[in-house]
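**Student:** Quick one: sequence plus predicted model below, questions after.
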Amino acid sequence: MSNTEDEKTPKEIETGVSPASLENSCFSKEWILQLNQQEQITYFICLICKQVAKNPIEMNCAQHQDSNESLIVGTNCLKQFLSMNPNSCPVQPHNGCLHTPNRAVQLQIGDLRVMCPRQFQQDSQTTTREQQPEEEGNGK
């Protein structure tokens with residue numbers, strides 16, 4: 001019998017989140033906005049987690065027919081929401097909410113340019129190292 005605590009990676013212990021759950025979560029706006037403008041992602045924001053929706057689902061409730069906003073949620077966020085709030089709506093409390101995958105939004109999200117988080121971190125570290133000698137020289 002194995003102990004699941006012993007099998008956790010250092011990252012899981014630090015954040016409390018397993019890598020598999022991060023893979024299923026929506027996309028971080030922080031990384032997407034490195035190479036895109038805010039206006040490009042406005043209609044792709046998940047109503048639940050406020051990040052860019054991964055595998056977007058469109059909410060199609062009769063109660064929201066007059067809404068001017070994009071009613072998009074990420075698939076994993078919606079599953080988690082519905083597991084805690086069965087047959088409810090993430091926009092406002094009511095039952096009988098309808099939702100369907102939105103292929104057009106998925107294609108648009110797929111067309112966004114993104115920077116690899118590791119590349120961004122490496123670039124940031126390089127910039128920091130280059131600035132340190134200048135700062136030390138200015139202090140003398």
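**Tutor:** Sure thing, it's come through.
**Student:** State the number of residues packed around the residue nearest to residue 48 when sequence neighbours are not counted.
**Tutor:** Counting by Cβ to Cβ, 6 or more residues apart in numbering, the nearest residue to residue 48 once its immediate chain neighbours are dropped is residue 77, at 4.0 Å. Quick note: C-beta positions are derived from backbone N, CA and C, even for glycine. Other residues lying near residue 77 total 23 when counted by other Cβ atoms under 10 Å.
**Student:** what residues are up against residue 77?
**Tutor:** Applying Cβ atoms under 8 Å, 6 or more residues apart in numbering, we find residue 77 in contact with 25-26, 46, 48-49, 53, 90.
**Student:** Tell me which helix or strand it sits in.
**Tutor:** Using DSSP states H and E, residue 77 sits in helix 75-84.
**Student:** Can I get that helix as PDB, trimmed to CA atoms?
**Tutor:** Extracted in PDB, the C-alpha atoms of helix 75-84 (Å, rounded to 0.1, in the frame of the first residue of the first chain):
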ATOM      1  CA  THR A  75     -15.100  22.900 -19.400                       C
ATOM      2  CA  ASN A  76     -13.300  22.000 -16.200                       C
ATOM      3  CA  CYS A  77     -14.500  25.100 -14.300                       C
ATOM      4  CA  LEU A  78     -18.100  24.200 -15.300                       C
ATOM      5  CA  LYS A  79     -17.700  20.600 -14.200                       C
ATOM      6  CA  GLN A  80     -16.400  21.700 -10.800                       C
ATOM      7  CA  PHE A  81     -19.100  24.300 -10.400                       C
ATOM      8  CA  LEU A  82     -21.900  21.800 -11.300                       C
ATOM      9  CA  SER A  83     -20.400  19.200  -8.900                       C
ATOM     10  CA  MET A  84     -21.000  21.700  -6.100                       C
END
